[in-house]
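1. got a predicted model here, sequence first, then my questions.
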Amino acid sequence: MMLGRKERDQLELYMCGSLRDLLPDDHILVRVDRVLDLSWLREAVSECYSPGSGRPGIDPEVAVRLMLAGFLLGIVHDRRLLREAQVHLAIRWFIGFGLHEVLPDHSSLTRIRQRWGAERFRQIFKRTVTACVAAGIAKGEVVHVDASLIRADVSWESLAVRHVDAVRAENGDGTEVARVAGETLKTSRKSGRYKKVCLTDPDASMATNGRNRRLEPAYKQHGVVDDVSGVILDVEITTGEVNEGQEILNRLDAVADTTGATIKVATADAGYAYAKVFGGLERRGITAVIPTKAEPIRSKVPLRRFRYDARHDHVKYPRGQILQPNRTKIQYGRFFASKAVDCAGCDLAAICLSPSRVTKAVVIVHDYPALLRARRRRERWGEDDKRLYQRHRWRSEGFHGEAKTWHGLARAVRRGLANMRIQAYLTAAAINLKRLAPI
């Protein structure tokens with residue numbers, strides 16, 4: 001065999017053929033192109049433009065295809081995406097641009113996001129969900145719910161300590177009042193959550209996903225994943241300080257509205273094990289596969305010794321006394337208080353009551369009976385429940401890991417809640433298109 005030689009000078013002035021001929025059939029953009037339908041998009045965004053005036057803008061389908069190509073290939077920054085598209089044959093073919101055509105400027109994508117708003121990008125994501133349901137790779141009957149923090153696109157130098165302009169020392173409990181943009185917040189000296197604010201991205205809030213980890217400026221993504229093939233049925237972005245239990249019911253309602261199916265089973269981790277969550281799931285007819293939290297013991301006479309009687313709506317004291325509900329209303333439950341004469345004759349009063357009190361008061365949260373039923377059900381979990389919860393671990397957590405590792409969701413690309421929502425919607429849409437595209 002002779003030693004070969006290839007001349008590097010490319011003298012061709014004209015080339016015949018399509019860019020598609022140069023791409024392998026199993027390339028991700030080729031696979032997605034077979035299932036991607038954006039024929040509805042032009043009419044959906046037409047109200048954002050002025051007909052008959054101004055210069056022609058970028059074709060809406062080209063803009064969305066360009067953004068989706070970036071998320072599918074893990075190129076989430078506009079500047080880098082457009083630089084890569086200049087030499088990337090697959091991206092040029094995917095957006096319908098030839099080798100000789102000049103690509104849009106990266107700033108055009110920014111203006112399109114601002115003009116369309118986050119809700120139109122959510123519609124793009126929802127279209128991928130309905131396509132997956134129609135294809136039979138998602139049913140919306142068994143779902144997995146989880147949340148994950150996304151680091152905000154800010155530096156540590158942009159964080160500032162909130163100015164404390166009032167100290168409520170009369171109670172002697174170290175409570176501080178911080179004012180930020182006219183909002184009054186009660187904070188504790190021991191907590192750093194409300195002590196810092198981000199100057200460059202006020203929507204980001206200080207949060208952490210572990211007690212031993214420091215607080216970071218972050219957003220929180222709430223996701224619902226289908227059990228069949230891991231299709232993302234719903235995703236939403238909130239500030240990092242929003243609790244998971246506040247969003248799960250809204251997200252499940254959104255899933256039912258998008259898929260048109262009735263959710264039968266929902267799984268989640270112990271971070272969702274609240275009475276209001278179990279009560280809300282019961283009212284919706286959804287079976288909850290959620291491990292309940294161990295009841296904290298903060299007193300020598302723990303709360304579990306006080307038995308709530310839902311039929312008669314009172315609480316039984318360990319020695320048989322009855323605690324009746326009082327008229328004090330709080331957001332998350334009701335107070336049940338004893339009589340001073342009952343506590344005076346109780347042999348547990350010395351260890352049950354605080355030194356400054358003569359009566360016992362306990363708080364029973366709303367939907368407390370639902371929490372008790374969930375605890376009893378947790379003790380009777382069968383093999384099917386255990387296997388389903390194991391699937392929750394790699395379905396929901398696997399989605400967050402995939403989005404962060406392969407599609408750039410480990411950190412916000414742009415600042416502001418609206419931009420963060422757009423990033424999350426397009427990331428979820430890209431993952432759903434991967435699930436839908438045949439190999």
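-> Cool, got the structure.
2. show me the chain divided up by domain.
-> What automatic domain parsing lists as the domains of the chain is 19-116, 139-149+217-287+380-431, 156-199, 303-372.
3. deepest in the core, which of those domains is it.
-> Of all those, domain 139-149+217-287+380-431 carries the top mean neighbour count, a mean of 20, counting by mean count of other CB atoms under 10 Å. (Glycine included, C-beta is placed from N, CA and C.)
4. mind putting the domains of the chain in TSV, mean pLDDT included?
-> Output for these, formatted as TSV (pLDDT from 0 to 100):
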stretch	mean pLDDT
domain 19-116	93
domain 139-149+217-287+380-431	95
domain 156-199	52
domain 303-372	82
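5. can I take it that residue 335 is in a strand?
-> Yes. Counting by DSSP: H, G, I helix; E, B strand; the rest coil, residue 335 is located in a strand.
6. thought residue 361 was touching it, still the case?
-> Yes. Using CB atoms under 8 Å as the test, residue 335 is close enough to residue 361 to be in contact (5.4 Å).
7. what touches both of these two?
-> Shared contacts of residue 335 and residue 361 (CB atoms under 8 Å, 6 or more residues apart in numbering): residue 326.
8. got TSV for the domains of the chain, with distance to residue 295 too?
-> Compiled in TSV, the domains of the chain are given as follows (distance: least, CB to CB, whole Å):
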stretch	distance to residue 295
domain 19-116	43
domain 139-149+217-287+380-431	11
domain 156-199	23
domain 303-372	6
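9. right, and these - which one's nearest residue 205?
-> Minimum separation from residue 205 across the domains of the chain (CB to CB) falls at domain 139-149+217-287+380-431, 4.3 Å.
10. what's the first-to-last distance across that closest one?
-> Terminal residues of domain 139-149+217-287+380-431 are spaced 17 Å apart (CA to CA, to the nearest Å).
11. please report phi then psi for the closest residue to residue 368 other than its chain neighbours.
-> Among residues not flanking residue 368 along the chain, residue 275 sits closest, at 5.2 Å (CB to CB, 6 or more residues apart in numbering). Dihedral pair for residue 275: phi -60, psi -40, per degrees, to the nearest 10.
12. surely residue 275 meets residue 364?
-> No. Using CB under 8 Å, residue 275 is not in contact with residue 364; the gap is 9.1 Å.
13. which one's the longest helix in the protein?
-> In terms of residue count, the longest helix belonging to the chain (DSSP state H) is helix 383-406.
14. quick one: residues in contact with that helix.
-> Outside helix 383-406, the residues within contact range by CB under 8 Å, 6+ apart are 74, 142, 144-146, 148, 150, 221, 223, 225, 227, 230, 232, 265, 267-269, 289, 291, 381, 409-410, 427-428, 431.
15. how about the CA coordinates for that helix, as CSV?
-> The C-alpha trace of helix 383-406 is given here as CSV (Å, rounded to 0.1, in the frame of the first residue of the first chain):
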residue,chain,number,x,y,z
GLU,A,383,-43.2,-4.1,47.5
ASP,A,384,-45.0,-2.1,44.8
ASP,A,385,-44.8,1.1,46.8
LYS,A,386,-41.1,0.6,47.6
ARG,A,387,-40.3,-0.1,43.9
LEU,A,388,-42.3,3.0,42.8
TYR,A,389,-40.4,5.2,45.3
GLN,A,390,-37.1,3.8,44.0
ARG,A,391,-38.3,4.8,40.5
HIS,A,392,-38.9,8.3,41.9
ARG,A,393,-35.3,8.6,42.9
TRP,A,394,-33.9,8.0,39.4
ARG,A,395,-36.8,9.5,37.4
SER,A,396,-37.1,12.9,39.1
GLU,A,397,-33.6,13.3,40.4
GLY,A,398,-32.3,11.9,37.1
PHE,A,399,-34.2,14.7,35.2
HIS,A,400,-32.6,17.4,37.3
GLY,A,401,-29.2,15.8,36.9
GLU,A,402,-29.6,15.5,33.1
ALA,A,403,-30.7,19.1,32.8
LYS,A,404,-27.8,20.4,34.8
THR,A,405,-25.1,18.1,33.4
TRP,A,406,-26.0,18.1,29.7
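16. so how far is it from its chain's centroid?
-> With CA atoms, centre = their mean, to the nearest Å as the basis, helix 383-406 stands 15 Å off its chain's centre.
17. show me what the helix or strand following it is packed up against.
-> Where DSSP states H and E defines the elements, the next helix or strand beyond helix 383-406 is helix 417-436. Applying 3 or more CB pairs under 8 Å, 6 or more residues apart in numbering; DSSP states H and E, one finds that helix 417-436 contacts helix 28-35, helix 60-73, helix 118-135, strand 216-226, strand 232-239, helix 383-406.
18. which one of those lies nearest to residue 100?
-> For the helices and strands packed on helix 417-436, distance to residue 100 was read as CB to CB. The smallest value, 16.0 Å, belongs to helix 60-73.
19. run the angle between the helix or strand just after the closest one and helix 60-73 for me.
-> Next helix or strand after helix 60-73 toward the C-terminus (DSSP H and E): helix 78-87. Per axes from the mean of the first three to the mean of the last three CA atoms, to 10 degrees, the angle that helix 78-87 makes with helix 60-73 is 100 degrees.
20. isn't residue 228 up against residue 138?
-> Yes. Contact criterion CB under 8 Å: residue 228 and residue 138 qualify, at 5.7 Å.
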